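**Q** Let's see this in three dimensions:
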Amino acid sequence: MSWLNKTILCQMRSAVRNVAKYFSTAIISGRSRDKVFELVGLTELYYAGSHGMDIIFPDRDKLSTHHSTCVKSADQQGMEVNLFQPASEFLPMIDEVFRTLVENTKDIKGAKVENHKFCASVHYRNVDDKSWPTVAQCVHDILKDYPRLRLTHGRKVLEVRPVIEWDKGKAVEFLLESLGLSNSADVLAIYIGDDRTDEDAFKVLREGNRGYGILVSSAPKESNAFFSLRDPSEVKEFLKSLVSWKEQNAL
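**A** Below is the predicted model:
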């Protein structure tokens with residue numbers, strides 16, 4: 001989601017909406033699910049926020065699997081939905097750590113703390129280079145009191161997450177399984193991402209021979225993705241080409 005900027009957001013939203021007409025489409029993000037939906041605003045998609053720890057399905061979709069943590073709820077439009085939240089017990093702990101992080105980093109110029117519901121992040125992109133170690137030490141000191149939380153790294157961001165075996169790769173597996181697509185010979189999964197945390201999803205598709213990861217990067221990088229696109233405009237054109245291919249083959 002980080003490569004979506006305001007100048008192309010409307011065009012990208014249109015491209016994603018058209019793709020979703022023909023293919024099951026999900027947004028998997030490190031941001032909270034509510035923030036992702038607010039940004040994208042398409043009800044026809046599946047949303048997985050907090051690195052896949054908060055997944056929503058429209059109730060009209062009959063899931064192929066049933067998990068003890070799947071619950072019925074209502075979305076922002078009041079429609080019934082299915083929620084999968086494998087880390088729900090950590091919510092009070094994450095909220096407590098978030099408040100502590102805000103308090104302990106308030107004097108570090110440029111530091112920004114965000115609560116993504118099932119994880120908390122500390123951004124240091126706008127922090128002076130000399131102060132980066134101070135930010136890292138602050139986060140490490142706080143986590144000493146929370147052995148059930150772990151620290152992961154993104155692009156100039158430190159993320160605090162529950163110590164459970166769950167990431168974007170696990171979210172991809174769950175989505176494919178739940179939609180009955182994991183063992184379909186005629187299904188090819190495509191995952192597009194630009195963050196270090198997207199590597200977990202790339203790895204799942206590569207090792208399971210389930211599809212292809214596409215890395216969005218302006219420079220060559222070591223990655224588990226099979227292919228790459230340079231920027232959001234190329235992502236948009238790729239999505240449009242998928243729609244054109246589907247429409248031509250439907251004739």
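**Q** What are the boundaries of the helices in the stretch 1-150 of the chain?
**A** Assigned by DSSP state H, counting those that start in this stretch, the helices in the stretch 1-150 of the chain fall at 9-22, 33-40, 91-105, 132-143.
**Q** Among these, which comes closest to S184?
**A** helix 9-22 (15.4 Å; CB to CB). For glycine as for every other residue, the C-beta is placed from the backbone atoms N, C-alpha and C.
**Q** pull the CA atoms of that closest one into PDB?
**A** C-alpha atoms of helix 9-22 as PDB (Å, rounded to 0.1, in the frame of the first residue of the first chain):
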ATOM      1  CA  LEU A   9      -5.000   6.900  -6.300                       C
ATOM      2  CA  CYS A  10      -8.200   7.400  -8.300                       C
ATOM      3  CA  GLN A  11      -6.700   5.700 -11.400                       C
ATOM      4  CA  MET A  12      -5.300   2.900  -9.300                       C
ATOM      5  CA  ARG A  13      -8.600   2.400  -7.500                       C
ATOM      6  CA  SER A  14     -10.300   2.100 -10.900                       C
ATOM      7  CA  ALA A  15      -7.800  -0.400 -12.100                       C
ATOM      8  CA  VAL A  16      -8.200  -2.500  -8.900                       C
ATOM      9  CA  ARG A  17     -12.000  -2.400  -9.200                       C
ATOM     10  CA  ASN A  18     -11.800  -3.700 -12.800                       C
ATOM     11  CA  VAL A  19      -9.500  -6.500 -11.800                       C
ATOM     12  CA  ALA A  20     -11.800  -7.500  -9.000                       C
ATOM     13  CA  LYS A  21     -14.600  -8.000 -11.600                       C
ATOM     14  CA  TYR A  22     -12.800 -11.000 -12.900                       C
END
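**Q** quick one on the thing from earlier: dump the helices of the stretch 1-150 of the chain to CSV, plus mean pLDDT, mean neighbour count and distance to Y46.
**A** Shown next, in CSV, are the helices of the stretch 1-150 of the chain (pLDDT from 0 to 100; neighbours: other CB atoms under 10 Å; distance: least, CB to CB, whole Å):
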stretch, mean pLDDT, mean neighbour count, distance to Y46
helix 9-22, 93, 16, 9
helix 33-40, 92, 18, 10
helix 91-105, 97, 17, 21
helix 132-143, 96, 16, 31
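**Q** got JSON lines for these, with distance to L229 too?
**A** Formatted as JSON lines, these follow (distance: least, CB to CB, whole Å):
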{"stretch": "helix 9-22", "distance to L229": "13"}
{"stretch": "helix 33-40", "distance to L229": "19"}
{"stretch": "helix 91-105", "distance to L229": "33"}
{"stretch": "helix 132-143", "distance to L229": "29"}
